[in-house]
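Trainee: here's a sequence, model it:
(one chain, ligands or ions: 2)
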Amino acid sequence: MSEMKIEVQPLVGFDQLLTYGVSEKFISTIKIGCLVQIPLGRRRVLGVVFSLHSSEEIATEKLRFISHLVQQEPVLNQDLIRLSKWISSYYSCSMESVLGAMIPAVVRDGMKAKNEKLIQVSPGLNKVMVSEALNRSPKQKKLFSELDKQRKPVRKTDLVNKLGFSESTIKGLLAKGLASEILEVVNREAYDDDLDFDRVDAEWELTAEQKVASSELIDVLEQKNFGVQVLHGVTGSGKTEVYFEAMEAALNQGGGVLFLVPEVSLAPQTVARLRARFSKMNEQVVVWHSHLSGGERLDAWRNLTTGKARIVVGARSAVFAPINSLRLVIVDEEHELAYKQEDTPRYHGRDVAVYRAMLTRAVCVLGSATPSLETFRNIERKKYSVSRLMNRIDGRKLPLMHIVDMRLDARRERGTPILSQCLIEALRQRHENREQSILFLNRRGFNTTMLCTDCGAVEECKDCSVALTFHRTDGYLRCHLCGFRKVAPVFCTSCKSLEVRRKGHGTQRIEDLVSKLMPRSATVVRVDADMMTKKNLFRETLRDFRRGKIDVLVGTQMIAKGLDFPNVTLVGVIDADLPLRMEDFRASERAFQLLVQVAGRAGRGDRAGEVYVQTYAPHSPSIQFSRKPDIEGFLEEEMEMRRELAYPPFRHLIRHIFRGRSLEKTEFYATEWRKVLDAEPIPGLEAKGPALAPIEKIKGYYRFHLFYLTSSVQESLNHLAKKRAIFPLDNEIHDTIDVDAHQMS
Ligand SMILES: [Zn+2]
Ligand SMILES: [Zn+2]
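Mentor: Numbering: from 1, shown residues only. Ligands and ions are numbered 1, 2, ... in the order given. Next up, the predicted model:
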């Protein structure tokens, strides 16, 4: 009988470890992290080996045996197994969902590597013989000289598709023995032939400030222990070069590097720069994100697990890339919302990165021009150290920021103007000077808040300090945190003006308007979220813009991030207030981050830039502090506000969503649940709600949510789970927990 028992985590169907026996033939090969097929009930499913035990360690009655060892190489290393357990417990999600995110489908399916046919000139040919043999076949002659010119094997598909040779020409040449065919495992690298970036510098001189920051990072690395270092650098201060110095040090220590960027769209330019820098060290750069093809992903996976590659760059999900002996984790733009996954498993990429670094005793670098309040709080508490880059690389000044008080334009025009006179004037001026402009629109609120265009006041909830949102259907203003509601007043409660507005603008409308206001010769193009799904369209638009084919680019926050356009000298922020008015306590932080980032877009080339910020609340802290910009000033003031309300980062925020097809039923169960919480309150947990979510209905499901503020996530989750287990929820209603929730909608 078997001497060995193993604990297996099934990939589907059962959310706990199950014990199996291992038959003789697998005993010598099975390892922790291996993918195995196991009998489960009447089915056979895949599972991952989480632990190995001798027979005596686990007592079992009827032991079943694994059916099959899928492949000998583990699919998860021990660090990732530990990480998966933490994610499942901290974010209160099933192991199934965590492993689903960690192990790519192609790896689970055991897809084979792709072989490709390559053609090369046969070695040791006699020139005279060759020319005689090819005398009467000009096509073969052409093919031969092409192969000869390339001096290395060429893909057969490239010969056919790119160079236009026919299969029969190739066959003929092979038959004459002048060329030969070889099979090779191809490496499908993402962005392989997409290095179309004008400014890929492999060499540069570090500034004094960059040198200091680099050596601070390298010092931390040399301690060979876990540590978090925040790299706080103003926009354009050259954080990337500092990352690269640290990466080089980590690689020299024999470690692997994980480089996270907030958006997939930012990966190509980072990859290009990384490849330019690290190809000299013979390092491969692996790209990792959810848009990879199965083949690309499998190759990336193999290169990493075999240790052939040690550098990974990618968006959120790259935090799970199977890097061996991880030494350095970089989270660029750590404050970005995009790091938070909004489907199960609802993890935060930055926080998982920090935890993973801790598990492997690696160093985590969090880079940002505008650190999040969570990170700033950890600096204050001395949990994180900080390095600073306070100057732009070439000493250029930050662009001049004009705050445009829209209340004046609104009064003049008796309405709600989209563009102020001074911004229109500035746009025309740039066009005349052959310089480029970006018009930036904040993401629209999901609902509309009530804004007074006379005094700039917004109707707020007195208990939660977030904007109330207006519901057209019943004319109520609602708080989406606590559920408070009142009939929308017809006038502003601050100044009694009747000029209240309840609507934002879309990018389409702005594009149309700008096209109308600008001279005919000006090209105005819009980029928006729909375009992001068409990968090439988005890239082409940015390329055209970079090449100066577009005068004015209109877009949402996606164009505010990390993109570098040297000829842009004007940035207009259409509606700086929108995030301020959203139903979210982080709105002000977000508005500030966006303004600082957007301002960093202007004046990166030789010419100084100008920024116009249109606002109805010119005196709000996010606008005033972004003007200098005074990052720490803002963070300190905002921190005070959060401290008063005991919002994150002072406590954790857990969102509990109830979904159902029936509005009444969903509301009923959310309310009943609240009663359960009130009957015997959970120590240290403050509950708000239930309230109708700002997006009331998604795919036919109504949504109500509750919010819990707590100092201890784990303890609160345990209490909640106990209560939830005996709560008789109707099976038409579903509920989800979102720990450290960022999305309030
Ligand atoms: Zn007012
Ligand atoms: Zn409220």
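Trainee: residue nearest the centroid of this structure?
Mentor: residue 262 (3.4 Å; Cα atoms, centre = their mean).
Trainee: ok, for that one, nearest residue in space, not its chain neighbours?
Mentor: Using Cβ to Cβ, 6 or more residues apart in numbering and skipping the chain neighbours, the partner closest in space to residue 262 is residue 336 (3.6 Å). The way it works is simple: take the backbone N, C-alpha and C, and place the C-beta from them, glycine included.
Trainee: would you confirm that the residue nearest to the centre of the chain contacts residue 338?
Mentor: Yes: using Cβ atoms under 8 Å, residue 262 is in contact with residue 338, at 4.2 Å.
Trainee: tell me the helices and strands packed up against the longest helix seen in the chain.
Mentor: The helix that spans the most residues within the chain, counting by DSSP state H, is helix 663-679. Packing partners of helix 663-679 (3 or more Cβ pairs under 8 Å, 6 or more residues apart in numbering; DSSP states H and E): strand 652-660, strand 685-698, strand 701-710.
Trainee: rank those strands by mean pLDDT and give me the bottom one.
Mentor: Looking at these, the lowest mean pLDDT belongs to strand 685-698 (a mean of 88).
Trainee: ok, back up a step: tell me which residues of the longest helix of the chain come out buried.
Mentor: 666-670, 673-674, 677 (16 or more other Cβ atoms under 10 Å).
Trainee: okay, strands next: where are they in the stretch 301-450 of the chain?
Mentor: For the stretch 301-450 of the chain, the strands defined by DSSP state E, counting those that start in this stretch occupy 311-314, 326-332, 363-368, 385-389, 400-405, 436-440, 448-449.
Trainee: CSV for those, including mean neighbour count?
Mentor: Converted to CSV, those look like this (neighbours: other Cβ atoms under 10 Å):
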stretch, mean neighbour count
strand 311-314, 26
strand 326-332, 26
strand 363-368, 26
strand 385-389, 19
strand 400-405, 18
strand 436-440, 27
strand 448-449, 21
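Trainee: least reliable of those strands by average pLDDT, please.
Mentor: strand 448-449 (a mean of 73).
Trainee: and it, how far out from the chain middle?
Mentor: Computed by Cα atoms, centre = their mean, to the nearest Å, the separation of strand 448-449 from the middle of its chain amounts to 27 Å.
Trainee: now stretch 354-374
Mentor: Taking mean C-alpha positions (Cα atoms, centre = their mean), stretch 354-374 and its chain are 15 Å apart.
Trainee: convert the C-alpha atoms of it to PDB, please.
Mentor: C-alpha atoms of stretch 354-374 as PDB (Å, rounded to 0.1, in the frame of the first residue of the first chain):
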ATOM      1  CA  VAL A 354       3.900  43.800  -0.900                       C
ATOM      2  CA  TYR A 355       2.700  40.500   0.700                       C
ATOM      3  CA  ARG A 356       4.500  38.400  -1.900                       C
ATOM      4  CA  ALA A 357       7.700  40.400  -1.400                       C
ATOM      5  CA  MET A 358       7.300  39.700   2.400                       C
ATOM      6  CA  LEU A 359       6.900  35.900   1.800                       C
ATOM      7  CA  THR A 360      10.100  35.700  -0.400                       C
ATOM      8  CA  ARG A 361      12.000  38.300   1.700                       C
ATOM      9  CA  ALA A 362      12.200  40.500  -1.400                       C
ATOM     10  CA  VAL A 363      12.200  44.300  -1.600                       C
ATOM     11  CA  CYS A 364       9.100  46.000  -2.800                       C
ATOM     12  CA  VAL A 365       9.300  49.500  -4.400                       C
ATOM     13  CA  LEU A 366       6.200  51.600  -4.600                       C
ATOM     14  CA  GLY A 367       6.600  54.400  -7.100                       C
ATOM     15  CA  SER A 368       4.300  57.300  -7.500                       C
ATOM     16  CA  ALA A 369       4.100  61.100  -8.000                       C
ATOM     17  CA  THR A 370       1.100  61.100  -5.800                       C
ATOM     18  CA  PRO A 371       1.300  58.300  -3.200                       C
ATOM     19  CA  SER A 372      -2.000  56.900  -2.000                       C
ATOM     20  CA  LEU A 373      -3.100  57.700   1.500                       C
ATOM     21  CA  GLU A 374      -2.700  54.100   2.400                       C
END
